[in-house]
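S.K.: sequence? don't have it. structure:
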């Protein structure tokens, strides 16, 4: 979409984000899964504290589970500096709250610019700090007023602890085929309905030439697996790039349980091997695309609060396609003749963790 800028490396994303935050005059709203108390985290904490001292209203929502490794002193420093700080579903909460997290990574600045994607504020994403071990991720900077307004509404819902019903959001959305550029699609942790999953499923079902998916925690449900197989059967170029080196190996093992039928159907599977892959994006037919926070798994689709940008514009799809092809250069393809030879212990591991997939 005009005005959208994509980032594929943490230092580029952080530089653009830092520039916009430093220019803020009225408000900064941040919703993060992980705000680390490391070098990168301190860098942005110092900036937010300076902006609060200048009279800018700064609000921060952080996930209590995601930030379990963040020092308490770090968070108290933000609070004492005049920043409004809220923990999403604190650890003392009981029951379902422990497995329903905010997995969003969003920034809204002065209602003029916004950022979303897979980047948390942590050294893991910075080559300046982590060098060649920096994670590969994808984010986007937005300037379209309607998209920023939607992200602002999502933040207000999180701040006020409002969980929208699916029908409320569906009423706001344009009719299928009526939108031409982009829209913000959230999940609120609904048990049986995921708007993000519906958008993915629709793209797969309607793809005619190709659909290329990048997702580090690829544990598709039965409906998505069936749609991917059917797309490949009708001649669509279906490729999935997932993590070879993963920060959550249990999710990787659960995802491997779906490889046999996908490979037999003609779906091409790749594992990124250069470093940790954390990007969540997809493109289809040279036009449709998505970038966001949602993984293709049960937690993202049906438990967590997530948000994705979905669009239909060739210029944006071209950028994401080029990055997909670049990522393939650092990947290895999983081929059926080799995969079928894996040992019985590996097969048992797949089945065991696939059975636990709703908790990963």
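M.R.: Received it, and whenever you're ready, just let me know what you need. The structure displayed is predicted, hence computed values, not measured ones. Numbers count the residues shown, from 1 in each chain.

S.K.: Mind checking what secondary structure residue 25 has?
M.R.: Under DSSP: H, G, I helix; E, B strand; the rest coil, residue 25 falls in the coil class.

S.K.: so what's the backbone phi/psi at it?
M.R.: Note on residue 25: backbone dihedrals following degrees, to the nearest 10 are phi -120, psi -30.

S.K.: My guess is it contacts residue 57. True?
M.R.: No: counting by C-beta atoms under 8 Å, no contact exists between residue 25 and residue 57, whose distance comes to 10.4 Å. From N, CA and C alone the C-beta is placed, and that goes for glycine too.

S.K.: which of the residues in stretch 336-356 are buried?
M.R.: 349, 350, 353, 354 (16 or more other C-beta atoms under 10 Å).

S.K.: ok, now how distant is residue 238 from residue 140?
M.R.: When distance is defined by C-beta to C-beta, to the nearest Å, residue 238 is 24 Å away from residue 140.

S.K.: And for residue 194, the neighbour number?
M.R.: Residues lying near residue 194 (other C-beta atoms under 10 Å) number 24.

S.K.: Next one: the nearest residue to residue 90 once chain neighbours are set aside relative to residue 221, how far apart?
M.R.: In this structure, residue 90 finds its nearest non-sequential neighbour in residue 64, 4.8 Å apart by C-beta to C-beta, 6 or more residues apart in numbering. In this view, residue 64 and residue 221 are 27 Å apart by C-beta to C-beta.

S.K.: Over to residue 5?
M.R.: 33 Å.

S.K.: out of those two, which sits in the busier spot?
M.R.: Legend: neighbour count by other C-beta under 10 Å for residue 5 and residue 221, higher for residue 221 (18 against 15).

S.K.: contacting residues around that one?
M.R.: When contacts are counted by C-beta atoms under 8 Å, 6 or more residues apart in numbering, residue 221 touches 197, 298, 301.

S.K.: Following the record's annotation, map out the domains of the protein.
M.R.: For the chain, whose domains are defined here by automatic domain parsing, the residue ranges read 5-147, 180-359.

S.K.: Would you mind measuring the gap between the ends of the shortest one?
M.R.: End-to-end distance of domain 5-147: 14 Å, with C-alpha to C-alpha, to the nearest Å as the criterion.

S.K.: so how far is that domain off the chain centroid?
M.R.: 14 Å (C-alpha atoms, centre = their mean, to the nearest Å).

S.K.: repeat for stretch 230-239
M.R.: Averaged C-alpha coordinates place stretch 230-239 at 24 Å from its chain's average position (C-alpha atoms, centre = their mean).

S.K.: start to end distance for that stretch?
M.R.: Criterion C-alpha to C-alpha; first-to-last residue distance in stretch 230-239 is 13 Å.

S.K.: OK, contacts around residue 316?
M.R.: Under the criterion of C-beta under 8 Å, 6+ apart, the neighbours of residue 316 are 1, 4, 6, 182, 289.

S.K.: all helices for the stretch 101-250 of the chain, in order.
M.R.: Under the criterion DSSP state H, counting those that start in this stretch, helices of the stretch 101-250 of the chain are mapped to 127-130, 145-159, 166-172, 195-206, 222-233, 249-256.

S.K.: Noted, bye for now.
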